[in-house]
Every structure is written in C-alpha cells, then in structure tokens.
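**Q** Pasting the sequence and the predicted coordinates here, then a few questions.
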Amino acid sequence: MGNALRFLYKNCSQPTTTESQSLGPHGVSAQNVGVSALAHDILHFEVTSQVPEGLSKHVVSSKKAQSNWYKKLLQAWKQAKPPPRTPEETARLVIETLKRHQKADVEGLLAFYGLPLPHTLVELSTGAPSTLPNGVKYELHTLPVDVKAVADGDTITVYVSTTDPRESSSVPKEVQLAAIQRSKARAERNYPKADALHKKITDQNYRVINIQNEEILAKKYRIRLRGIDAPESAMPYGKQAKEELANLVQGKCVRILVYEQDRYGRYVGDVYCNDIFAQEVMLKKGLAWHYTAYDRRTELANWEKEARAKRVGLWASKNPEEPWEWRKDQREGR
C-alpha cells in the first residue's frame, strides 16, 4: 500500500515548467493536486497517525473525528482496484467512504484538496446489468486498458486473455506455437527472433502483453461504443471527449456487452468500467451525441437531453456540428 501511494505521489508531484506557475497548497499542479495530495496525506497518516495541518479550518469536526476519516479512507484506498487516478474518481471515493458523515465535513475535506464537490459530479445510474439484455451476442472481460488504446471518445482497443474460456478454444495453432517459440527465444536473449515471432502473433490479431511480470497471450478487439457518436479529434471537444473516455477506462479491466460487428470490423457494444456505464458518462458530460441512426434507447436520449438543458460540454455552443455531418463533409471535400 505504502509503495503504491509513494509511486502515485511521486509521479503526480513533478510539475512541468508551465504547471509550476499554478501550484496548489500541497506543491503540485492544480490539475492533480487532489489525487496527489490525498495520496500523500494517507501515506503520512498510515505511518504517523497524524492528519494534515490546516484541515480543521475547512471542517467542523474534531481532530479525533478527522483521524477516523483517514482510517476509513486508508482502507477504501487499499480496496480500490485500481486506486483513483483522476480528481473525479478521488472525489467519488471520498464521498462514498464518508457518506454517513456530516455534509459540511465531506465538502470541507474535498475543498481542502481541491477536489470536485458533490453537486458538480455527474449523477450516474448504479451498476451494470445482472443479466444480458436482449440482442447481446456475448460479453468480453478485458485485461487492463492502455491509455494509448483510446482512439477517440467512442472507440477503444482492448485485449482479452486467451485463458478466458470463450477465447481458449479458438486460438490459431500458429499463434500458440509462435507464443511458445517467442518465450523460448526471449529466454535465450535472441530478441530479433522474438520480435519476428511477435509480429506473426500481432498479424493474427493477437498480442503478448506483460502484466505484473507475467506474459499473457491476448486477443485484440476494436470496440465502438454503442449508441453514441463523439466529436472527431479535429472537431471542437474532440480532445476533451477522448480524455474523458481515457480517464474512465485506463488501467482498468472493463466489461463489454457485444451486440454486433460494424462494417469497419469493430465490435459494437456497451462498455462498463467498475459498474459505470461509459456511454452514460459521455452523454451526461456533453461529450457525445446520442447516435439515433443506430440506437433508439430512451435512456440515451434522456441523458443527451439532460446535458443539453445544462449546456455542458459541447452543448455550451449554440450550434455544435454533428460528427456524422462533419465526416460527410470531409469525404466530400467541403
């Protein structure tokens, strides 16, 4: 636990030149002050049983009560897999952990760390479906998602271990053989041969992934989030949409309910990350349209309507351009 917190604090607390001009109260940039500072203070509490100085100015309860909060937060952080990385994830952990405590204390603690307050967070539905909805062909349970695998706000690349029962029976023999030969070549430090063998594997839509010093043969899937269309990267809010989806899935194992495969070979499905429905997040934050040409679900329409009414994300603009129209104009050279 201590090592994980030290790693997080160390990586969050190295400001760039531009960041150094806007450091928060704990000496880190305004963008990551909440996550880094809380990680630092939980580590400090684990070692010393001391709560941070200055917190009492933001909350109404005693130092004894504050110690109780940090005990609970320490336990919650240990149980979080993976631990929160973004200010929003961190705020949700604090709110959930301290939900039985006074509102003034919870909000004061969040304010102390510069974390989002409860009323600024998007209210999400609870849980993924316990039974498969109609139309689902199968579900995928992925390995942790690499942030580089997020192409934009509605497309990600994921990998599923071939030890998964659904995958194990369909791995091509040449891929299995190449994986075995590659492992042997690496043991012999014959890296050119190992690289050549890995190319054979990747050419077949597989990949050998190292997770916690264990090499795992995995099947590659390109996923298109069902029912939404996010701005393209070159469009307004395209970068924000990609970052939001990346923050949601990076480093996490996700559950995907696959409905079909599109004309580009992508698997179209609903994406759940720690029981959070990715499409709901993207729509409620105003970072995607409900793609009504392919999906008629009422809840998706309502989530877009909610974001429009609040004028959040792309709806802050009067007439945001639909991505399908933008792509059409690009194809026609307009």
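**A** Nice, thanks for sending it over.
**Q** Strands of the chain, residue ranges please.
**A** Along the chain, the segments classed as strands by DSSP state E run 138-141, 150-152, 155-161, 206-211, 214-225, 228-229, 254-261, 267-273, 276-277, 289-290.
**Q** now the ones you listed as a markdown table including mean neighbour count and mean pLDDT?
**A** Every residue, glycine included, has its C-beta placed from N, CA and C. Formatted as a markdown table, the strands of the chain follow (neighbours: other C-beta atoms under 10 Å; pLDDT from 0 to 100):
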| stretch | mean neighbour count | mean pLDDT |
| --- | --- | --- |
| strand 138-141 | 16 | 96 |
| strand 150-152 | 19 | 96 |
| strand 155-161 | 21 | 98 |
| strand 206-211 | 16 | 95 |
| strand 214-225 | 19 | 97 |
| strand 228-229 | 24 | 98 |
| strand 254-261 | 19 | 97 |
| strand 267-273 | 22 | 97 |
| strand 276-277 | 22 | 94 |
| strand 289-290 | 23 | 98 |
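**Q** right, and the ones you listed - which one's nearest Val51?
**A** Checking the strands of the chain against Val51 by C-beta to C-beta gives strand 276-277 as the closest, at 30.1 Å.
**Q** What strands flank the closest one, and is each parallel or antiparallel?
**A** strand 267-273 (antiparallel) (DSSP bridges).
**Q** Let me see the contact set for Ser62.
**A** Remark: with contacts taken as C-beta atoms under 8 Å, 6 or more residues apart in numbering, Ser62 is in contact with nothing.
**Q** follow-up on the earlier one: any chance of the strands of the chain in CSV, plus distance to Ala309?
**A** Below are those laid out as CSV (distance: least, C-beta to C-beta, whole Å):
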stretch, distance to Ala309
strand 138-141, 33
strand 150-152, 25
strand 155-161, 27
strand 206-211, 43
strand 214-225, 23
strand 228-229, 18
strand 254-261, 28
strand 267-273, 24
strand 276-277, 20
strand 289-290, 14
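**Q** Tell me which of those strands approaches Arg327 most closely.
**A** Short answer: strand 228-229, nearest of the strands of the chain by C-beta to C-beta, at 9.3 Å.
**Q** What helices and strands are in contact with the closest one?
**A** Packed against strand 228-229 by the contact rule (3 or more C-beta pairs under 8 Å, 6 or more residues apart in numbering; DSSP states H and E) you find helix 278-284, strand 289-290.
**Q** Name the residues that touch that strand?
**A** With contacts defined as C-beta under 8 Å, 6+ apart, strand 228-229 is touched by 153-154, 279, 282-283, 288-291, 295, 300, 322-324.
**Q** Stretch 118-130 too?
**A** Outside stretch 118-130, the residues touching it (C-beta under 8 Å, 6+ apart) are 88, 91-92, 95, 106-107, 110, 255, 257, 272, 275-277, 280-281, 284-285.
**Q** Buried only: go through the residues you listed for me.
**A** For those, a burial check counting by 16 or more other C-beta atoms under 10 Å picks out 88, 91-92, 95, 106-107, 110, 255, 257, 272, 276-277, 280-281, 284-285.
**Q** From these, pick the one nearest Gln66.
**A** Val106 (12.0 Å).
**Q** Can you report how many residues lie near the residue nearest to the closest one when sequence neighbours are not counted?
**A** Closest residue to Val106 apart from its sequence neighbours, by C-beta to C-beta, 6 or more residues apart in numbering: Leu98 at 5.1 Å. Applying other C-beta atoms under 10 Å, we find 19 residues neighbouring Leu98.
**Q** contacting residues for Leu98?
**A** Contact analysis of Leu98 by C-beta under 8 Å, 6+ apart lists Trp69, Lys72, Leu73, Asp105, Val106, Leu109.
**Q** my guess is the fourth one contacts Leu55, does it?
**A** No: Asp105 lies out of contact with Leu55 (C-beta atoms under 8 Å); the separation is 9.9 Å.
**Q** per-residue confidence for the residue nearest to Val106?
**A** pLDDT for Leu98: 97.
**Q** Could you report the separation of it from Leu73?
**A** Using C-beta to C-beta, to the nearest Å, one gets 8 Å for the distance from Leu98 to Leu73.
**Q** give the contact list for Lys310.
**A** By C-beta under 8 Å, 6+ apart, the contact set of Lys310 is Gly286.
**Q** try 10 Å this time
**A** Neighbouring residues of Lys310 by C-beta atoms under 10 Å, 6 or more residues apart in numbering: Val122, Lys284, Lys285, Gly286, Ala316.
**Q** And for Arg166?
**A** Counted by C-beta under 10 Å, 6+ apart, Arg166 has contacts Tyr138, Glu139, Leu140, His141, Val160, Lys219.
**Q** Most widely separated two among those residues?
**A** Within the contacts of Arg166, Glu139 and Lys219 form the most distant pair, 14.0 Å apart (C-beta to C-beta).
**Q** Dump the contacts of Lys310 into a markdown table; add distance to Leu245 and pLDDT as well.
**A** Putting these into a markdown table (distance: C-beta to C-beta, whole Å; pLDDT from 0 to 100) gives the following:
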| residue | distance to Leu245 | pLDDT |
| --- | --- | --- |
| Val122 | 14 | 89 |
| Lys284 | 13 | 96 |
| Lys285 | 10 | 96 |
| Gly286 | 14 | 97 |
| Ala316 | 19 | 95 |
